[in-house]
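A.B. asks: Just need the structure, nothing else, for what follows:
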Amino acid sequence: MGKGKAQISDYLNIALVVLCPIAFFILASFGYGVAKIVMGSVHFNDCKIETLIPVYLIVSGVSPVLFTGFCCKDNDDGSSCGPGTVCGIIGFLFNLSWLICGSVWVCPNYKSLVTDEFRQCTENVTIDCLEEVCNRSLITFAFATVIIDWMFMSVWICFMLYLCCKLFGGY
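C.D. replies: Residues are numbered from 1 along each chain as shown. Down below sits the predicted model:
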């Protein structure tokens, strides 16, 4: 009777070790998406140098939730190439292209706004200055978001390549 309780305890410990990181990742991803949406919407009109930066944050926060929530269904016959797989591929390609667009909008503007040489044009300063500016916390958050999203995208691409090699390469 004591041995059965020990096995149950071992299974519970294994389940906790496996499920806790998964639950943490899901909650962190959800919070990360909400943070993007909030930052983009709060500072929607605060970036005159590139008005698409807040839009990038909002869409990049919403799109993973939409693609994950609406595209999970696969075929009932057990085949893996169902509507969920096709929708997942479309979602991946959309997120990749949106990340490229965000990088084009954020990175050059971040460099020009955060350097020590940055000066905003005023009545007294009219040479070597920028008239259009962006909220510093917004551009910093957007830049960090682009870097983090590229890291996640790189890991995801490596994982997908590994799966493809495993399935089709026989490794």
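A.B. asks: which residue is nearest the centroid of the chain?
C.D. replies: residue 149 (4.4 Å; CA atoms, centre = their mean).
A.B. asks: isn't it right next to residue 99, touching?
C.D. replies: Yes: the pair residue 149 and residue 99 passes the contact test of CB atoms under 8 Å, sitting 5.3 Å apart. (Each C-beta comes from the backbone N, C-alpha and C, glycine too.)
A.B. asks: Mutual contacts of the two, please.
C.D. replies: Common neighbours of residue 149 and residue 99 (criterion: CB atoms under 8 Å, 6 or more residues apart in numbering): residue 60.
A.B. asks: just checking, what packs against the lowest-mean-pLDDT helix or strand in the chain?
C.D. replies: Counting by mean pLDDT, DSSP states H and E, the weakest-scoring helix or strand in the chain turns out to be helix 2-42, with a mean of 82. Judged by 3 or more CB pairs under 8 Å, 6 or more residues apart in numbering; DSSP states H and E, the packing partners of helix 2-42 are helix 52-70, helix 136-168.
A.B. asks: From residue 85, how far out is the residue nearest to the centre of the chain?
C.D. replies: When distances are taken as CB to CB, to the nearest Å, residue 149 and residue 85 turn out to be 23 Å apart.
A.B. asks: same question, residue 166
C.D. replies: With CB to CB as the criterion, residue 166 and residue 85 are 16 Å apart.
A.B. asks: When those two are compared, which one has more neighbours?
C.D. replies: More neighbours sit around residue 85 than around the other of residue 166 and residue 85, counting by other CB atoms under 10 Å; the figures are 15 against 10.
A.B. asks: Determine the set of other helices and strands touching the helix or strand containing the more buried one.
C.D. replies: In this structure, residue 85 sits in helix 83-114 according to DSSP states H and E. Using 3+ CB pairs under 8 Å, 6+ apart as the contact criterion, the neighbours of helix 83-114 among helices and strands are helix 52-70, helix 136-168.
A.B. asks: Other residues contacting the first one?
C.D. replies: In this case it means helix 52-70. By CB under 8 Å, 6+ apart, the list of residues contacting helix 52-70 from outside reads 29-30, 32-37, 39-41, 43-47, 87-88, 90-91, 94-95, 98-99, 101-102, 105-106, 109, 134, 138-139, 141-142, 145, 149.
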